[in-house]
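Asker: below is the structure, and that's it, no one-letter string:
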């Protein structure tokens, strides 16, 4: 069964049952957190549309087939989907696509884009929405006439869950069921009828390993879907004293949604226990809090915190000196080189005339102090001129990781004839005692 969600409706399609005697299908759906199940008879067709679903809600959906006597088949595999927020608005103008999202407090989403509804590309993560979020995407509508957008929920973050439950200590057992708040959230034990269902299970099974039928050990455990703010770590021990991370030498066999806001992960050891002397192994699932982002720092406090002395040296070894690392927020991202200036072109209508313009994108650390970015241009890499007066800012938005993405375009359209060589850079003069250098 394949779902395609749009706002608060969803279009479903499934493969027909080929056995004789099938006269129709029924679609069943319920909220994934134990809500009342609803059924809809759709006749002898393999598509259906569910309308009037609640916004920002996770649903579990399955289909059954029935015969002339009304007898139903076993249910199909369950599909779990999340409807969009109540206000997810898309507006297209000559500059590109403007998206407005109104989310519930504490919700986080990945904003995805596609041209064919098959391959989706993540544009950015929207962290802990507490109101209206605006996002601008420069798009050349002549070159890309079709674009689709959707939000993929990242789940309620652990700090928000703690606050909404009135809890303060991650290691306390506020439910009195023998599970700490951290484990309760990580395993989704608060979503289960019996919290102890979240325990780890091990089993022996047979599987083909390196062309041989071997006996393997499988480990299964339950996790909250769309974990946010918490990292699950599978560990093993032979003496219950020393524990080591088992994630590097285990293989995930399956991840199956349970239809209640949790999913079950099954892993196996890569080698047969019979290939080495047998030994007793113990397993546990530990949950580690993600490190929260550091508070805003001035440049010189940041230098001191990282034991750096010279603003112009490359202490990290990836081609950016300390000034550029701090100003671009390269230390806050997984790909430091992504902080560099990028250049593209796009069509804009300015003064009623549609022309092609150069568009620039760069990232800056939010709450910059002691540094002021200056956008400059040159034709010979020797003499540089301030380009701020000849550019127009199109969009500026937070990336949710302590950095900000900025899009600007040149005020004048790109020439129809070949331009002389032109170079662009971001310059960060350093404020030292009222002077800059």
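Answerer: Thanks, I have the structure now. The shown structure was predicted, so the numbers you read here are calculated from the model rather than taken from an experiment. Numbering: from 1, shown residues only.
Asker: show me where the stretch 51-200 of the chain has strands.
Answerer: 58-67, 79-82, 87-92, 96-102, 107-114, 121-129, 132-138, 148-153 (DSSP state E, counting those that start in this stretch).
Asker: can you list the domain ranges for this protein.
Answerer: Annotated domains of the chain cover 2-82, 90-154, 185-289, 299-436 [automatic domain parsing].
Asker: got the end-to-end distance for stretch 192-212?
Answerer: End-to-end span of stretch 192-212 (C-alpha to C-alpha, to the nearest Å): 39 Å.
Asker: got the contact list for that stretch?
Answerer: With contact meaning C-beta atoms under 8 Å, 6 or more residues apart in numbering, stretch 192-212 is reached by 175, 177-179, 183-184, 187-189, 213-222, 260, 262, 268, 270-272, 283-285. Every residue, glycine included, has its C-beta placed from N, CA and C.
Asker: filter those to the buried ones?
Answerer: 179, 183-184, 187-189, 214, 216-222, 260, 262, 268, 272, 283, 285 (16 or more other C-beta atoms under 10 Å).
Asker: on that earlier part again, rebuild the domains of the chain as JSON lines, extending it with distance to residue 165.
Answerer: JSON lines is the format used below for the domains of the chain (distance: least, C-beta to C-beta, whole Å):
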{"stretch": "domain 2-82", "distance to residue 165": "15"}
{"stretch": "domain 90-154", "distance to residue 165": "12"}
{"stretch": "domain 185-289", "distance to residue 165": "8"}
{"stretch": "domain 299-436", "distance to residue 165": "24"}
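Asker: and of the ones you listed, who's closest to residue 162?
Answerer: domain 185-289 (7.6 Å; C-beta to C-beta).
Asker: end to end, how far does that closest one reach?
Answerer: 11 Å.
Asker: ok, back up a step: of the contacts of stretch 192-212, which belong to helices?
Answerer: By the criterion of DSSP state H, membership of the contacts of stretch 192-212 in helices covers 183, 184, 187.
Asker: the first one and residue 161: what is the separation?
Answerer: Okay, so that is residue 183. As judged by C-beta to C-beta, to the nearest Å, residue 183 and residue 161 stand 13 Å apart.
Asker: and if you look at the last one?
Answerer: When distances are taken as C-beta to C-beta, residue 187 and residue 161 turn out to be 13 Å apart.
Asker: could you do the second one as well?
Answerer: Applying C-beta to C-beta, one obtains 9 Å for the distance of residue 184 from residue 161.
Asker: can you redo the domains of the chain as TSV with mean pLDDT and distance to residue 167?
Answerer: Below are the domains of the chain laid out as TSV (pLDDT from 0 to 100; distance: least, C-beta to C-beta, whole Å):
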stretch	mean pLDDT	distance to residue 167
domain 2-82	81	19
domain 90-154	68	14
domain 185-289	77	9
domain 299-436	78	24
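Asker: give me the neighbour count for residue 269.
Answerer: 17 (other C-beta atoms under 10 Å).
Asker: going forward, begin numbering at 783 instead of 1
Answerer: Sure thing, new numbering starts at 783, so read that last one as residue 1051.
Asker: for it, what are its contacts?
Answerer: Contacts of residue 1051 by C-beta under 8 Å, 6+ apart are 998, 999, 1031, 1032, 1033.
Asker: circling back: what's the closest of the ones in helices among the contacts of stretch 974-994 to residue 896?
Answerer: residue 969 (32.5 Å).
Asker: what sits against that closest one?
Answerer: Applying C-beta under 8 Å, 6+ apart, we find residue 969 in contact with 961, 980, 1003, 1004, 1005, 1006, 1044, 1067.
Asker: bridged to the residue at minimal distance from the centre of the chain, which residues?
Answerer: Taking C-alpha atoms, centre = their mean, the centroid of the chain lies closest to residue 892, which sits 4.1 Å from it. With DSSP bridges as the criterion, residue 892 is bridged to residue 907, residue 934.
Asker: wait, it sits on residue 904?
Answerer: Yes: Residue 892 lies in contact with residue 904 (C-beta atoms under 8 Å); the separation is 5.1 Å.
Asker: and the closest residue to residue 944 other than its chain neighbours, how many neighbours does it have?
Answerer: Among residues not flanking residue 944 along the chain, residue 963 sits closest, at 6.5 Å (C-beta to C-beta, 6 or more residues apart in numbering). For residue 963, the number of neighbouring residues by other C-beta under 10 Å comes to 22.
Asker: can you give me every residue that contacts residue 963?
Answerer: By C-beta under 8 Å, 6+ apart, residue 963 lies in contact with 944, 947, 949, 951, 952, 953, 954, 955, 956.
Asker: same thing but 7 Å
Answerer: Each residue near residue 963 by C-beta atoms under 7 Å, 6 or more residues apart in numbering is listed here: 944, 949, 951, 952, 954, 956.
Asker: now intersect those with the helices, please.
Answerer: Per DSSP H, the subset of the contacts of residue 963 in helices is residue 944.
Asker: what's the closest of the contacts of residue 963 to residue 1133?
Answerer: residue 944 (53.3 Å).
Asker: any idea of the pLDDT on that closest one?
Answerer: We have a pLDDT of 78 for residue 944.
Asker: that one and residue 950: what is the separation?
Answerer: Per C-beta to C-beta, residue 944 is found 7 Å from residue 950.
Asker: what does residue 842 give?
Answerer: Per C-beta to C-beta, residue 842 is found 32 Å from residue 950.
Asker: which one of the two is surrounded by more residues?
Answerer: residue 842 (22 against 10).
Asker: enumerate the beta-bridge partners assigned to the more buried one.
Answerer: residue 812, residue 862.
Asker: pretty sure it sits against residue 1044.
Answerer: No: judged on C-beta atoms under 7 Å, residue 842 makes no contact with residue 1044 at a distance of 11.3 Å.
Asker: same for whichever strand or helix holds residue 1143, what does it pack against?
Answerer: Applying DSSP states H and E as the criterion places residue 1143 in strand 1135-1147. Counting by 3 or more C-beta pairs under 7 Å, 6 or more residues apart in numbering; DSSP states H and E, the packing neighbours recorded for strand 1135-1147 are helix 1104-1110, strand 1124-1132, strand 1185-1192.
Asker: appreciated, that's everything.
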